[in-house]
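> here is a sequence together with a model predicted from it:
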Amino acid sequence: AQASMLTVAVVQMSSGPNRRENVARAIELTDRAANTGASIIALPETFDYRGDGLDLREVAEPLPGSTLEPLTALARNRRVWILTGSIHESDPAGGRPFNTSVLISPQGELVAKYRKIHLFDIAIGDRSVTESAKYQSGSDAVYADAAGVRVGLTICYDMRFPELYRILADAGVDVVFIPSSFTAPTGEAHWEVLLRARAIENQCFVVAPGQAGTGAGGIATYGNSMVVDPWGRILARAHDEREAIITAQMNLDEMEDIRRRLPALHNRKTALIR
């Protein structure tokens, strides 16, 4: 029988251009997060590197690689699940790297790997971000079983594409991860409302670790890492500017109760979907 309460810890970081420092910091914060008694610890997007290296192939590496190896050891030592936000995964064929999220089990195994599907190509004021010039996109929705629940892996900009989350909901996902490095202007406008919407419409928990501080291209990121329940309530939230560790207890019985009382996923008419 699954445990009715599951504790998650979310690590908010402010990663910079020094990969070694970022990884050391991630290990330190993850280790500290393990002291909270959390079963799952989640890191933000691109926790390994946020800089203006024009060719990200220079920081990308195969999996597990030097970035993930210390985290697999930590998962084993502390007996926790770790969602490694995302890192730069090199393409075996030598192309642009993938922005990849990995789930590590308490045995130190890489249980699931998700390559970011939706790349962020936008203009904000006088700044623009063109991820497709630096990364190649993945093509598969990914979910796995962890700590007695089914979890879905997504990254940042994905959250604007509800069809991906509905695919995960159809696969029976209970918790969706959305590690992010969300820009401050779009974050202020849309971060909270989109996270809560994804939780409400799919009747699942949303765990969204964010980056704070200045990211690549000198663009400020929003922080505000969050855990949201299936009713849309914010269970925990970090501030906007600094590193932080936040924890939340996810009540799985309550999630089942919400799904029973408001069976929206069963009530939908699939005939409308082309």
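Looks like it arrived, so ask away.

> going forward, measure contacts and count neighbours with C-alpha atoms only.
Noted.

> tell me the SS of residue 224?
coil (DSSP: H, G, I helix; E, B strand; the rest coil).

> what separation do you get for it and residue 55?
Separation of residue 224 from residue 55 (CA to CA, to the nearest Å): 29 Å.

> out of the two, which sits in the busier spot?
Neighbours per residue, other CA atoms under 10 Å: of residue 224 and residue 55, the larger number sits with residue 224, 26 against 13.

> would you mind measuring from the more buried one to residue 18?
In terms of CA to CA, residue 224 sits 23 Å off from residue 18.

> please apply the same query to residue 266.
From residue 266 to residue 18 the distance is 48 Å (CA to CA).

> residue 245 contacts residue 8, correct?
No - with contact defined as CA atoms under 8 Å, residue 245 does not count as touching residue 8 (10.3 Å).

> find the centremost residue of the chain, please.
residue 179 (2.3 Å; CA atoms, centre = their mean).

> show me what contacts it?
Neighbouring residues of residue 179 by CA atoms under 8 Å, 6 or more residues apart in numbering: 42-45, 85-86, 154-156, 207-210.

> got those residues as CSV, with secondary structure columns?
Output for those, formatted as CSV (three-state DSSP):
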residue, secondary structure
42, strand
43, coil
44, coil
45, coil
85, coil
86, coil
154, coil
155, coil
156, helix
207, strand
208, strand
209, coil
210, strand
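
> reformat those residues as TSV; add distance to residue 164 and neighbour count.
TSV is the format used below for the contacts of residue 179 (distance: CA to CA, whole Å; neighbours: other CA atoms under 10 Å):
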residue	distance to residue 164	neighbour count
42	20	27
43	21	31
44	19	34
45	18	30
85	18	32
86	18	31
154	8	29
155	11	28
156	12	24
207	16	27
208	16	32
209	19	35
210	20	34
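
> next, format those as a markdown table and append distance to residue 259 and pLDDT.
Formatted as a markdown table, these follow (distance: CA to CA, whole Å; pLDDT from 0 to 100):
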| residue | distance to residue 259 | pLDDT |
| --- | --- | --- |
| 42 | 25 | 98 |
| 43 | 28 | 98 |
| 44 | 29 | 98 |
| 45 | 30 | 98 |
| 85 | 28 | 97 |
| 86 | 30 | 98 |
| 154 | 22 | 98 |
| 155 | 25 | 98 |
| 156 | 26 | 97 |
| 207 | 19 | 98 |
| 208 | 22 | 98 |
| 209 | 25 | 98 |
| 210 | 28 | 98 |
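
> pick out whichever of residue 266 and residue 18 has more residues nearby.
Set residue 266 next to residue 18 and count neighbours by other CA under 10 Å: residue 18 wins out with 13 against 10.

> quick one: average confidence on whichever helix in the chain runs longest?
Determined from DSSP state H, the single longest helix within the chain is helix 19-34. What helix 19-34 shows for mean pLDDT is 97.

> in that helix, which residues are buried?
Buried residues in helix 19-34, counted by 16 or more other CA atoms under 10 Å: 19, 22, 23, 25, 26, 27, 29, 30, 31, 33, 34.

> can you tell me which of those residues is nearest residue 149?
residue 34 (18.8 Å; CA to CA).

> tell me the contacts of that closest one?
Contacts of residue 34 by CA under 8 Å, 6+ apart are 9, 41, 78, 80.

> out of those residues, who's the most crowded?
residue 41 (31 neighbours).

> picking that back up, okay, the contacts of residue 34 in a markdown table with pLDDT next?
Formatted as a markdown table, those follow (pLDDT from 0 to 100):
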| residue | pLDDT |
| --- | --- |
| 9 | 98 |
| 41 | 98 |
| 78 | 98 |
| 80 | 98 |
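
> tell me the two of those that are most distant?
9 and 78 (13.5 Å).

> show me what residue 5 is bridged to.
In this entry, residue 5 is beta-bridged to residue 251, by DSSP bridges.

> surely it and residue 251 touch.
Yes - applying CA under 8 Å as the test, residue 5 and residue 251 come out as touching, 4.7 Å apart.

> quick one: which of these two has more around it?
The neighbour comparison of residue 5 against residue 251 (other CA under 10 Å) goes to residue 251, with 16 against 13.

> give me every residue that touches the more buried one.
4, 5, 6 are the contacts of residue 251 under CA under 8 Å, 6+ apart.

> can I get these in CSV including pLDDT and distance to residue 194?
Putting the contacts of residue 251 into CSV (pLDDT from 0 to 100; distance: CA to CA, whole Å) gives the following:
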residue, pLDDT, distance to residue 194
4, 93, 26
5, 96, 25
6, 97, 23
